[in-house]
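Chemist: Next comes the sequence, and after it the predicted model I'd like to discuss.
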Amino acid sequence: MSETGTPVRPLDTRLDQLCTPALVVDVDRLERNIATMAKRYADKGISLRPHVKTSKCWDVARRQLSAGAIGFTCSTPAEVAWLHEKGVTDLLWAHQPVGPRKVEFVVSIAASGTLTVALDSLEAAEPLARAAVATGVTVPFALEVNTGHARAGVEPENAAVRARQIAMLPGLRLRGVLTHEGQLGGYAGDRAALEQAGRSAGGLLVSVATTLRQAGFEIEVVSVGSTPGATSAPFVDGVTEARPGTYVYYDANQVRLGSATVQDCALTVLASVVSRQRPGRAIIDAGIKAMSSDAIATAGSLGIACTPNGTPLADVVFSEGNEEHGYLTGPGADTLRVGDLVRIVPNHACGATNMWSAIYAARGCRVMERWPISARH
Ligand SMILES: Cc1ncc(COP(=O)(O)O)c(C=O)c1O
């Protein structure tokens, strides 16, 4: 038995021999997604700095590095610490490092010269600057700018003033600007409008970079980042790097947004039909603890239910989940039998990943390896 209580099978096995539910990556699709995104940017001289939160898996990350990624974007100290230990030398922690433990952590990693952090306020910057000076290090930072997502990030018109206030603090060095164009998640069903909004976000960030340069700052990095925006925002002249994360696996959200097809989705939860007592309803052994409850309200389901070979099941909706039970409903559910295997493409790959300690790596129906998932909360 593994530490998670799942019976571990010797590998080089078949999908139908796994204990369900199981998180599975289709390695052929994974490698295709990595290669396509890498080529897209290499051709245009744009740096690719994928967000590691999607996989949290070294076997995936090392493939991204081999394909040309310059480093990674991280969202938590655990992700930064993990990749730092792996020897990755260009990390962007795209989060505000607030609180004494995070400040201490940033300064300890910054001493090795491999970490850039995001900042948008003096409240976050001042304690960091004090700690940097006390330790004798300089911490590079990217000014986070709001280009429509309205999460963290200064408003573009305030960027020059805020950049000056923060950059004047000893111990900090302005390295560039960054934005996360998460607002593009609201454009399901209108890819043309999504692409336009992506270009606007990229354009806004470039105009902020221009203003900062005119004010005398050296702006080395102009960084945009999202999977729906991966085909638009980075291609605005002046953007230097792209930070998509979800693209390694894609997911049902990205299919709805037109970023991918179901056939591009590399991550699935393999589940078994365990009960078929009522018409139009098949119960599977994957619920919200296997899928996460991410985006259920917007998607109207927990994911796309497919056959074991990845074809969406006709007239079946994964409409509801308890902790370890899932409800496949609709007329198509009557074709399912107890013991049948299904593969579910999750709504949000990053949320699903975070539910698991390991992922099975498969080519077709052959399972070759079991890869650890690291740096979870
Ligand atoms: C700061 C930042 N950069 C990049 C990304 C990657 O975006 P996506 O998950 O759409 O690939 C995210 C996603 O949340 C993010 O928050």
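Modeler: Everything's here; your move.
Chemist: which residues touch the strand or helix carrying residue 107?
Modeler: Using DSSP states H and E, residue 107 falls within helix 100-110. The contact list for helix 100-110 (CB atoms under 8 Å, 6 or more residues apart in numbering) reads 77, 80-81, 84, 91, 93, 97, 115, 117, 127-128, 131-132, 135, 137-140. Backbone N, C-alpha and C define where each C-beta goes, glycine included.
Chemist: Which residue ranges of this structure form helices?
Modeler: Listed in chain order, the helices of the chain (DSSP state H) span 27-42, 58-66, 77-85, 100-110, 122-135, 159-167, 191-214, 252-257, 288-291, 296-299, 349-353.
Chemist: mean pLDDT lowest for which of those?
Modeler: Per-stretch mean pLDDT for the helices of the chain is lowest at helix 296-299 (a mean of 88).
Chemist: So which other helices or strands are in contact with that helix?
Modeler: Based on contacts counted as 3 or more CB pairs under 8 Å, 6 or more residues apart in numbering; DSSP states H and E, the elements that helix 296-299 packs against are helix 252-257.
Chemist: contact partners of the helix it packs on?
Modeler: In contact with helix 252-257 (CB under 8 Å, 6+ apart) are residues 184-185, 187-189, 191, 194, 227-228, 246-247, 260-262, 265, 295, 299, 301, 303-304, 345-348.
Chemist: list the buried ones in it?
Modeler: 252, 253, 254, 255, 256, 257 (16 or more other CB atoms under 10 Å).
Chemist: hmm, back to that, filter the contacts of helix 100-110 down to the ones near the ligand?
Modeler: Among these, no residue is within reach of the ligand (CB under 6 Å from any ligand atom).
Chemist: Just the buried ones among these, please.
Modeler: Buried by 16+ other CB under 10 Å: 77, 80-81, 84, 91, 93, 97, 115, 117, 127-128, 131-132, 137-140, out of the contacts of helix 100-110.
Chemist: Can you check the pLDDT for the closest residue to residue 149 other than its chain neighbours?
Modeler: Nearest non-adjacent residue to residue 149, counting by CB to CB, 6 or more residues apart in numbering: residue 182, 4.1 Å away. Per-residue confidence at residue 182 stands at 97 (pLDDT).
Chemist: quick one, what contacts residue 182?
Modeler: Taking CB under 8 Å, 6+ apart as the test, what residue 182 contacts is 149, 151, 226.
Chemist: what's the distance between it and the ligand?
Modeler: Relative to the ligand, residue 182 is positioned 6 Å away (criterion: CB to the nearest ligand atom, to the nearest Å).
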